[in-house]
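S.K.: Everything below, folded, please.
(one chain, ligands or ions: 1)
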Amino acid sequence: MTLPLVHHPAYCAELPANHRFPMDKFKAVADLIRSEDLMDGSAFFRPRAAPFEWVALAHDPAYVDQVFSAEVPHKIAREIGFPMREDIALRARCATGGTVLTGYLALEHGLACNTAGGSHHARRAHGAGFCVFNDVAVALRVMQADGAIGKALVIDLDVHQGDGTADIFQGDPDIFTFSMHSQKNYPVRKIPSHLDIALADDTGDAAYLQELKRILPELLALKDWDIVFYNAGVDPYEHDRLGRLSLSRAGLHLRDLHVIGAVREAGIPLAGVLGGGYSTDIDELADRHLSLHRSARTVFGMDRTAARPLPVLESQRVDCLSPTLPPEDDPSSDEVTEIEPVSDQYV
Ligand SMILES: [Zn+2]
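M.R.: Now for the predicted structure:
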């Protein structure tokens with residue numbers, strides 16, 4: 001069986017030269033996955049762009065409308081840090097659709113990863129910090145609304161605190177948000193997750209992994225989770241432009257292997273998203289991000305836990321995933337969504 005990985009060419013939108021966000025990394029990640037043959041000759045699963053109805057489950061519909069129509073107020077656009085054009089909106093919708101698809105693939109196969117996602121600073125009211133839509137929050141809300149999941153755990157190990165995810169799931173008894181991050185890093189005003197572990201500068205591999213191994217078994221045993229969404233941000237790396245925790249490349253890889261292995265050992269489906277990582281060296285950055293996919297493939301190859309049957313009827317699932325598609329446009333309606341090999345063309 002092949003590890004299901006999700007990608008869309010529109011993940012990579014154009015930004016002004018010298019923009020601080022390394023947009024080209026999404027294409028580089030996909031290229032590296034292909035060149036390492038992590039899918040054993042198979043193609044990427046391609047998501048649909050998330051429709052308004054999905055995104056509005058997690059965000060203020062007025063803000064979603066502003067993004068879709070490329071009319072985001074200047075103040076909010078500044079807080080996001082992107083020129084809020086139509087192609088940037090399409091990119092956010094595709095990345096969000098990708099994480100929704102990754103969630104469903106994880107339920108079906110036990111493990112799946114996106115090649116984007118982890119936009120955890122986007123709050124209910126609007127985006128922030130290079131995050132337009134909170135893809136993990138949208139995926140959880142879609143899957144909740146669909147009846148596909150009940151209780152879910154978010155493990156967010158990006159170096160920045162997951163304030164947007166915390167905001168959206170405040171007071172939700174079924175979604176537990178956990179963020180382990182750098183105390184002194186963005187965002188300045190952190191919105192409390194259900195559990196936050198704030199680490200000091202230069203924590204390093206040993207103390208970081210020790211803390212993770214201490215808390216993970218407790219979290220996994222806390223409730224009967226239907227799925228874990230894992231934000232595998234690689235900005236805790238010692239040479240990351242925005243990180244402060246001084247993890248080595250080996251430390252990041254051990255972290256990913258440990259999280260994915262522990263979650264699968266507990267019999268819980270895991271959906272992995274890329275998260276943050278910042279460098280002007282795109283090849284180095286893509287290679288760093290691939291720790292998630294390489295670790296997932298390693299665990300997937302050893303995984304003996306059978307995928308759980310979906311708790312919803314196939315027809316319900318397809319309804320939810322394709323609410324705007326007329327039947328004639330969806331001849332393969334027994335598939336998870338419009339799964340096709342990724343072409344080099346935008347759609
Ligand atoms: Zn980050």
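S.K.: Now the residue positioned nearest the centre of the chain: closest residue in space, sequence neighbours ignored.
M.R.: Centroid-nearest residue in the chain, with CA atoms, centre = their mean: Val273, separated by 2.9 Å. What sits nearest to Val273 in space, not counting adjacent residues and going by CB to CB, 6 or more residues apart in numbering, is Gly117, at 3.3 Å. (C-beta placed from N, C-alpha, C; glycine too.)
S.K.: Make sure that neighbour is actually in contact with Thr99.
M.R.: Yes. The pair Gly117 / Thr99 is scored as a contact, 4.2 Å apart, by CB atoms under 8 Å.
S.K.: so what sits against both of the two?
M.R.: Listed as contacting both Gly117 and Thr99 by CB atoms under 8 Å, 6 or more residues apart in numbering are 135-136, 273.
S.K.: Give the bridge partners for Arg131, please.
M.R.: No Arg there; residue 131 is Cys. Ala128 (DSSP bridges).
S.K.: show me what contacts it?
M.R.: Per CB under 8 Å, 6+ apart, neighbours of Cys131: 80, 119-122, 164.
S.K.: Kindly provide the distance from the closest residue to the ion within the chain to Leu220.
M.R.: The ion sits closest to Gly276 of the chain, with a gap of 2.7 Å, by CB to the ion. Distance of Gly276 to Leu220, given as CB to CB, to the nearest Å: 24 Å.
S.K.: Compare the two and say which one has the larger neighbour count.
M.R.: Gly276 (27 against 19; other CB atoms under 10 Å).
S.K.: who are the neighbours in contact with that one?
M.R.: By CB under 8 Å, 6+ apart, Gly276 lies in contact with 118, 130, 158-160, 233-235, 242.
S.K.: just checking, it is part of a strand?
M.R.: No. Using DSSP: H, G, I helix; E, B strand; the rest coil, the assignment for Gly276 is coil, not a strand.
S.K.: follow-up on the earlier one: what score does the residue nearest to the centre of the chain have for pLDDT?
M.R.: At Val273, the model reports a pLDDT of 98.
S.K.: For this structure, which residues are neighbours of the ion?
M.R.: Contact residues (CB under 5 Å from the ion) of the chain with the ion: 158, 160, 233, 235, 276.
S.K.: And the pLDDT for the last one?
M.R.: In this case it means Gly276. 97.
S.K.: now do the second one
M.R.: Predicted confidence (pLDDT) for His160: 97.
S.K.: Tell me who's in contact with it.
M.R.: So His160 contacts 120-121, 129, 181-182, 185-187, 233, 235, 242, 276 (CB under 8 Å, 6+ apart).
S.K.: redo that, cut-off 6 Å
M.R.: Counting by CB atoms under 6 Å, 6 or more residues apart in numbering, His160 makes contact with 181, 185-186.
S.K.: Neighbour-wise, give me the winner out of these.
M.R.: Neighbour-wise, the contacts of His160 (other CB under 10 Å) top out at His181, 28 neighbours.
S.K.: Test my guess that that residue contacts Gln161.
M.R.: Yes. Here His181 lies in contact with Gln161, judged by CB atoms under 6 Å, at a distance of 4.4 Å.
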